[in-house]
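**Student:** can't give you the sequence, but here's the structure:
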């Protein structure tokens, strides 16, 4: 069984995340959306809200499973028997960052391959960081987040 982990904070999930995930579905038998818990980092949305939002969003997708995890992502890959890590990239800067992480992960867990999918051009400016800033300033995030997530925001 080809299992991929799509890790992130998803604070909040964006249309760009969903696009990467849906485009990756045909490549794997199962994709685990792993919401990383970082106790040293204060998120905008509580972890329980992010988990509920993603579970609701993907409730009809039998290939997608949502799980929380803490600690090293490679350890979570071991735990769920993932052989792939899925990441989206929007820019050359994203590529350089993801390349470095993928190489470190490859050294720590050689059996896991990182798959990088390019974002569609219309999503290249969409990031959780920008969406959080819009939310903090009471702006309209509806063009940047999946429709089903608005009640959570």
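**Tutor:** Sure, I can see it. Remember, predicted model here, so these are calculated numbers, not experimental data. Numbering: from 1, shown residues only.
**Student:** quick one: what helix or strand has residue 93 in it?
**Tutor:** helix 92-108 (DSSP states H and E).
**Student:** State the next helix or strand along the chain beyond that helix.
**Tutor:** strand 113-118.
**Student:** Name the residues of that next one that are buried.
**Tutor:** For strand 113-118, burial by neighbour count (16 or more other Cβ atoms under 10 Å) applies to 114, 115, 117. Where you see a C-beta, it was placed from the backbone N, CA and C, and this is true even at glycine.
**Student:** Tell me the bridge partners for the last one.
**Tutor:** So the one you mean is residue 117. Residue 117 forms beta bridges with residue 88, as assigned by DSSP bridges.
**Student:** pretty sure it is in contact with residue 20, am I right?
**Tutor:** Yes. Counting by Cβ atoms under 8 Å, residue 117 touches residue 20, with 5.1 Å between them.
**Student:** got any residues that touch both of these two?
**Tutor:** Contact criterion Cβ atoms under 8 Å, 6 or more residues apart in numbering; residues shared by residue 117 and residue 20: 86, 88.
**Student:** for the record, mean pLDDT for the helix holding residue 93?
**Tutor:** Here helix 92-108 scores 95 as its mean pLDDT.
**Student:** quick revisit: format the buried residues of strand 113-118 as TSV; extra columns: distance to residue 153 and pLDDT.
**Tutor:** What follows is these, written out as TSV (distance: Cβ to Cβ, whole Å; pLDDT from 0 to 100):
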residue	distance to residue 153	pLDDT
114	30	98
115	29	98
117	25	98
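**Student:** From those residues, pick the one nearest residue 130.
**Tutor:** Taking Cβ to Cβ as the measure, residue 130 lies nearest residue 117 of the buried residues of strand 113-118, at 19.7 Å.
**Student:** That concludes my questions; thank you for your assistance.
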